[in-house]
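Novice: model this:
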Amino acid sequence: MRIGEIAALVGVSTRAVRHYHHLGLLPEPVRLANGYRDYTARDAVLLARIRRLTELGVGLDEVRDVLAEDAGRDLVEVLEELDADLGRQEARIRARRERLADLLERARAGRLPAEGPVSPWVADLFAAMDETSAALPGPEPAMAAVDREMLALLDTVVPEEEREAMMSTVTHLARTPGGMERAYELYGRMDELAGARADDPRVEELARVLSDSLPDELAARIGEPDAAEEARLDGFLSDLSPAQSAVVRRALHLLRERAR
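Specialist: The predicted model follows:
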């Protein structure tokens with residue numbers, strides 16, 4: 001059989017056949033005097049097996065291992081790993097669809113925040129912030145807008161397995177009586193430090209107020225930062241004034257002390 005014939009028989013492209021040759025999955029057949037490859041029925045059986053394995057989702061490196069061993073035990077192990085991986089993918093897809101359903105419900109009700117899409121925890125917090133801000137006599141503090149942006153960023157960059165635990169502690173303000181009102185008072189006081197230096201005498205008091213407003217659960221999750229975490233914190237605080245940045249850093253230090 002020529003390459004086009006074996007490809008048509010097995011139901012793959014000639015390009016795939018050449019790729020399998022290149023990877024060493026399919027041995028090169030004997031060539032005829034005219035230089036054309038001459039495939040046998042045995043080649044077709046092997047090519048069909050490669051196709052079945054790849055259709056199951058087995059990676060080409062794993063296909064090579066299966067073919068090299070050519071033993072049922074090794075194939076069973078590969079298929080068990082594939083089944084477990086598919087189960088994890090199904091769980092992630094279910095979680096994403098649940099989140100999408102929540103976003104659709106909020107969007108249809110006109111409750112999707114401008115920073116969205118965000119997780120349900122952050123969306124609930126933003127809704128509470130909107131309600132509190134609407135009751136203010138003046139405009140929303142600039143620091144509140146900065147906090148929204150930072151929360152939306154954290155909601156995106158925090159690993160999925162840690163996001164629920166972290167966000168449930170951060171968004172406790174939305175569930176604490178008077179919590180949002182105290183947060184907006186803090187935002188206003190932070191705005192007053194917009195042009196201040198890091199050694200401003202108001203920094204220490206405000207850092208203690210901020211630290212005291214955060215839950216013990218969050219204090220327990222904050223460890224001593226390494227170089228990478230310090231670099232990320234520098235990025236988060238880069239748009240703040242020296243005094244505002246000092247408040248946040250001092251508050252984090254006080255949280256770590258509380259957790260000891």
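Novice: longest helix anywhere in this protein?
Specialist: In terms of residue count, the longest helix belonging to the chain (DSSP state H) is helix 72-108.
Novice: Remind me what that one packs against, helices and strands.
Specialist: helix 60-69, helix 120-134 (3 or more Cβ pairs under 8 Å, 6 or more residues apart in numbering; DSSP states H and E). Using the backbone N, CA and C atoms, a C-beta is placed for each residue, glycine as well.
Novice: and the direction of that helix versus that of helix 120-134, what angle?
Specialist: 20 degrees (axes from the mean of the first three to the mean of the last three Cα atoms, to 10 degrees).
Novice: for the record, mean pLDDT for helix 72-108?
Specialist: For helix 72-108, mean pLDDT rounds to 73.
Novice: Distance from the chain centre to that helix, please.
Specialist: Relative to the chain's own centre, helix 72-108 is displaced by 15 Å; criterion: Cα atoms, centre = their mean, to the nearest Å.
Novice: Check stretch 252-260 too.
Specialist: Counting by Cα atoms, centre = their mean, stretch 252-260 comes out at 27 Å from the chain centroid.
Novice: Same check on stretch 224-238?
Specialist: Using Cα atoms, centre = their mean, the offset of stretch 224-238 from its chain centre is 19 Å.
Novice: buried ones in that stretch?
Specialist: Neighbour-count burial for stretch 224-238 flags Leu237 (criterion: 16 or more other Cβ atoms under 10 Å).
Novice: who touches it?
Specialist: Met150, Leu153, Gln244, Ser245, Val248, Arg249, Leu252, Arg256 (Cβ atoms under 8 Å, 6 or more residues apart in numbering).
Novice: I'd like the distance between Leu67 and Ala251.
Specialist: For Leu67, the distance to Ala251 equals 59 Å [Cβ to Cβ, to the nearest Å].
Novice: same thing with Ala109?
Specialist: Distance from Ala109 to Ala251, by Cβ to Cβ: 35 Å.
Novice: For the two, indicate the residue with more neighbours.
Specialist: Ala251 (19 against 8; other Cβ atoms under 10 Å).
Novice: any idea which helix or strand carries the more buried one?
Specialist: helix 242-259 (DSSP states H and E).
Novice: what do you get for Thr54?
Specialist: helix 41-55.
Novice: and that helix, average pLDDT?
Specialist: Mean predicted confidence for helix 41-55 is 87.
Novice: angle of that helix against helix 60-69?
Specialist: Going by the same axes, to 10 degrees, helix 41-55 makes 140 degrees with helix 60-69.
Novice: Pull the number of nearby residues for Arg18.
Specialist: There are 14 residues near Arg18, going by other Cβ under 10 Å.
Novice: Against Val10, how distant is the spatially closest residue to it that is not a sequence neighbour?
Specialist: Distances taken as Cβ to Cβ, 6 or more residues apart in numbering put Ile3 closest to Arg18, at 7.5 Å, once the chain neighbours are dropped. Distance of Ile3 to Val10, computed by Cβ to Cβ: 11 Å.
Novice: same question, Val248
Specialist: 62 Å.
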